[in-house]
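Trainee: fold the stuff below for me.
(4 chains)
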Protein chains: 2
Amino acid sequence: MVDEGADRVPQDQLSRVFAALADPTRRDLVARLSTGDATVGELAAPYGVTVQAVSKHLKVLETAGLVSRPGDTPRRPVHLEAGVFDVMTTWIERYRAAAEERFGRLDDLLDRMAEDEQTQHREDRAQR
Amino acid sequence: MVDEGADRVPQDQLSRVFAALADPTRRDLVARLSTGDATVGELAAPYGVTVQAVSKHLKVLETAGLVSRPGDTPRRPVHLEAGVFDVMTTWIERYRAAAEERFGRLDDLLDRMAEDEQTQHREDRAQR
DNA sequence: GCGCTCATCAACCAATGGGTTGACAAAGCA
DNA sequence: TGCTTTGTCAACCCATTGGTTGATGAGCGC
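Mentor: The predicted model follows:
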């Protein structure tokens, strides 16, 4: 309803991307992948969790489209797909813009109200 | 580790904001609030869920800082705090930028490799 | 003051999510 | 070939979450 026309981005993917980045470990994985591709083992090393857990995290990131892993051999590199960020920023900007525009209108309204109040007084003493 | 210095934005809030927006109902609430404040009842009306459920969603949005509700009387308006969007876009842009810069460097690297191949011949006189 | 409506709180339920351990498939190396 | 390393799959555990129903407070209209 409010979203009519916003379906250029499927709601599901939006949910998956936001959900994927809701986890601090996964955000950190993304952060590290932003500096270069890495293998699962390399990614798992710095954490206090098992490789299996990291593997799960990567699958979440993959189904969200944030990460790709060409091939299916061991030691294949994990690659960050930064393009998906656009899906989020597009959504965010849409509503931020709407909210700010509304603020703009509100500010205008307040300005006009304040102005009217002042005009009240000016009314009495002056018409220059 | 990769995040050193990125703590201007507390990880917790980042998690809460992303998690809040991972739910389609909550995204829709934000969308509708971007067009103007509303009461809980008004927000709940269009959905097939109970008012209690919407109340819970609003609490999630509130603890994420996405929404505020001044006062504590019934029928108080729910207000969108669009400023929190910056928390997300800041995070996103940081790593998008890093990834894109890396792509840039990769291109550079490939360029340099191609160049080196050509430079092989010049090697003879380039004493270093 | 008496109800009515609006919203929250509380308890509960089913489903999801992040984590573990254990078993297993697939390269790489002796 | 056989062993080791790397990663995934499967089952299970516990905490969290989105939803419900039921009861309880807080203002507003009569």
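Trainee: pop out the phi and psi values for A:A38.
Mentor: Main-chain dihedrals, A:A38, degrees, to the nearest 10: phi -160, psi 160.
Trainee: partners of it in the sheet?
Mentor: A:V78 (DSSP bridges).
Trainee: give me every residue that touches the nearest residue to A:T50 once chain neighbours are set aside.
Mentor: Residue nearest to A:T50 in three dimensions, not counting chain neighbours: A:A44, with 7.5 Å by CB to CB, 6 or more residues apart in numbering or on different chains. Where you see a C-beta, it was placed from the backbone N, CA and C, and this is true even at glycine. Neighbour list for A:A44: A:T50, A:V51, A:A53, A:V54 [criterion: CB atoms under 8 Å, 6 or more residues apart in numbering or on different chains].
Trainee: by neighbour count, which of these wins?
Mentor: Greatest neighbour count in the contacts of A:A44, by other CB atoms under 10 Å in any protein chain shown, goes to A:V54: 22 neighbours.
Trainee: list the contacts of that residue.
Mentor: A:T25, A:L29, A:V40, A:L43, A:A44, A:Y47.
Trainee: hmm, try it at 7 Å
Mentor: Counting by CB atoms under 7 Å, 6 or more residues apart in numbering or on different chains, A:V54 touches A:V40, A:L43, A:A44, A:Y47.
Trainee: just the closest residue of chain A to DNA strand D, please.
Mentor: Residue nearest to DNA strand D within chain A: A:G41 (2.5 Å; CB to the nearest atom of the strand).
Trainee: say whether DNA strand C is contacted by the host helix or strand of that residue.
Mentor: Taking DSSP states H and E as the criterion, A:G41 maps to helix A:40-44. No - Helix A:40-44 stays clear of DNA strand C (CB under 7 Å from any atom of the strand), getting no nearer than 9.2 Å.
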